[in-house]
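Asker: Test case, fold it:
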Amino acid sequence: MGIGATGSTTYYEPFDIARRFQTVDHMIGGRVAWNVVTSVNDGEAHNMGREMHLPHDLRYDRADEFMEIVMSCWDSWEDNSVVIDKETGLFAHPDKVHRLEYDGKFLNSHGTFTVPRSPQGHPVIIQAGSSDRGKTFAARWAETVFVGYPDFESGKRQYADFKAAVATHNRDPELVTVNTIAFPVVAETRAEAEDKMALVDSLYREVDGLSLLSEALNFDFKKKAMDEPFTDEEIEGMSGMQAMRDRVLRETGRNPTPRDFVNVTRRGRPREAIVGSGKDVADRLEKWFVERACDGFVVAATHIPGAFEDFVRFVVPELQRRGIYHKDYQGATLRENLGLPYPALGWWRR
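Answerer: Take a look at the predicted model:
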């Protein structure tokens, strides 16, 4: 089992993140991933003793420096640097452990990192930026990305565009995996699955969607009437998940209302849920995978308990019968089981 945890580049320090994640990676045998986020709203800033959240693009600029420091820390111990020779008292080859000297616009770091390379080199890097600036960041740094493609055709297009962006950073696009979100509602028969979906839909409350939109877009939606259009200034001030905001603008073609945001984003509801039998769901997943709209899926629950159990019971065996889901693990580390290579020192440098 791989364990991925989130750490914000806006509210933590790079040396601390590098040490924590690398240490845990040693403790559990190379099965850790770091989900890199820049955070989204002023509520997080207040939690951390700040008055307000950084502007969208500026926090990604800072995040680039953050990543350069973290990666420099993880690269500062060469492979085979550790000796642990009790007779001579030599713990590591001093010429294979390198001091970091980093001075950036936002961040500085000086000194020697304290944790050697882990069994998988360093933790797997996950990223989910979906704005233009976020995609640029992901193309440079991510080893596996989480996305939310709304439909098959746009998924294929965005998948190809992202892989091309990865190549511009002198990286092999086949070694950066793209995983789109999937909301399966599955049962033994399609009719049973449709009944489940009807129940899930009946539990939705509009206030839930508005609350989640406020969190994601860093704007208090209760200030607006449901059918009152946002002003240009209000739209520009939505500094959270800008890809979400931009999608609503594209689909409405005008200054949207809170109701438009609720209807287009379906925040708080399963978007494009895959409803049916195990075969129905497997057909949909296979199409996206085989026709290159994604490399894998982030399976999300529409209800708990039950959603994940149903997926394992009805969908996984069907995918295994088709030969597109594994029956055993490829190795001992998370990196091996995701099909990612052992990272060479300095792979991230331009």
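Asker: Domain map for this protein?
Answerer: Here the chain is described, according to automatic domain parsing, as comprising the domains 3-142, 206-265.
Asker: ends of the last one, how far apart?
Answerer: Same thing as domain 206-265. Taking Cα to Cα, to the nearest Å, domain 206-265 runs 12 Å from one end to the other.
Asker: hang on, A139 packs against A165?
Answerer: Yes - counting by Cβ atoms under 8 Å, A139 sits close enough to A165 to count as a contact (3.9 Å). All C-beta atoms are positioned from the backbone trio N, CA, C, and that covers glycine.
Asker: Next, format the domains of the chain as a markdown table and append distance to R292, mean pLDDT and mean neighbour count.
Answerer: What follows is those, written out as a markdown table (distance: least, Cβ to Cβ, whole Å; pLDDT from 0 to 100; neighbours: other Cβ atoms under 10 Å):
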| stretch | distance to R292 | mean pLDDT | mean neighbour count |
| --- | --- | --- | --- |
| domain 3-142 | 17 | 95 | 18 |
| domain 206-265 | 21 | 91 | 17 |
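Asker: In JSON lines: these, plus distance to R157.
Answerer: What follows is these, written out as JSON lines (distance: least, Cβ to Cβ, whole Å):
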{"stretch": "domain 3-142", "distance to R157": "13"}
{"stretch": "domain 206-265", "distance to R157": "14"}
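Asker: among those domains, which is nearest G323?
Answerer: Comparison of the domains of the chain against G323 by Cβ to Cβ identifies domain 3-142 as nearest, at 25.0 Å.
Asker: Tell me how far stretch 1-17 lies from the chain's centre.
Answerer: On the basis of Cα atoms, centre = their mean, to the nearest Å, the separation between the geometric centre of stretch 1-17 and that of its chain is 12 Å.
Asker: which residues are contacting it?
Answerer: Where contact means Cβ atoms under 8 Å, 6 or more residues apart in numbering, the residues beyond stretch 1-17 that reach it are 20-21, 24, 28, 31-39, 44-45, 48, 50, 53-54, 59, 62-63, 66-67, 69-70, 73, 107, 109, 111, 113, 124, 126, 334, 337-338.
Asker: Stretch 180-194 now?
Answerer: The contact list for stretch 180-194, computed with Cβ under 8 Å, 6+ apart, reads 146-149, 155, 195-197, 200, 270-278, 280-281, 285, 288, 293-294, 297-300, 302, 307, 310-311, 314-315.
Asker: My reading is that V185 is in a helix; is that accurate?
Answerer: No - the assignment for V185 by DSSP: H, G, I helix; E, B strand; the rest coil gives strand, which leaves it out of any helix.
Asker: Can you name the residues bridging to it?
Answerer: Using DSSP bridges, the bridge partners assigned to V185 are V275.
Asker: how many neighbours does it have?
Answerer: When neighbours are counted by other Cβ atoms under 10 Å, V185 registers 27.
Asker: same deal with N170?
Answerer: Residue crowding around N170 was assessed by other Cβ under 10 Å; the count is 9.
Asker: so where do the strands sit in the stretch 251-350 of the chain?
Answerer: In order along the chain, the stretch 251-350 of the chain carries the following strands (DSSP state E, counting those that start in this stretch): 274-277, 296-299.
Asker: which one of those lies closest to V97?
Answerer: Nearest to V97, of all those, is strand 296-299, at 36.1 Å by Cβ to Cβ.
Asker: average pLDDT across that closest one?
Answerer: If you average the pLDDT over strand 296-299, you get 95.
Asker: Could you check it and say which residues are buried?
Answerer: By 16 or more other Cβ atoms under 10 Å, the buried positions in strand 296-299 come out as G296, F297, V299.
Asker: tell me what the strand or helix carrying A138 is packed against?
Answerer: In this structure, A138 sits in helix 132-141 according to DSSP states H and E. Applying 3 or more Cβ pairs under 8 Å, 6 or more residues apart in numbering; DSSP states H and E, we find helix 132-141 packed against helix 56-75, strand 124-127, helix 152-167.
Asker: Next secondary structure element downstream of the last one?
Answerer: Under the assignment DSSP H and E, the closest C-terminal helix or strand after helix 152-167 is strand 177-182.
Asker: ditto for the longest one
Answerer: Next in sequence after helix 56-75, counting helices and strands by DSSP H and E, comes strand 82-85.
Asker: partner strands of that following strand, parallel or antiparallel?
Answerer: Strand pairing for strand 82-85, determined by DSSP bridges: strand 90-92 (antiparallel).
Asker: And the contacts of the partner strand?
Answerer: If you take Cβ under 8 Å, 6+ apart as the criterion, strand 90-92 is touched by W77, S81, V82, V83, I84, D85, P116.
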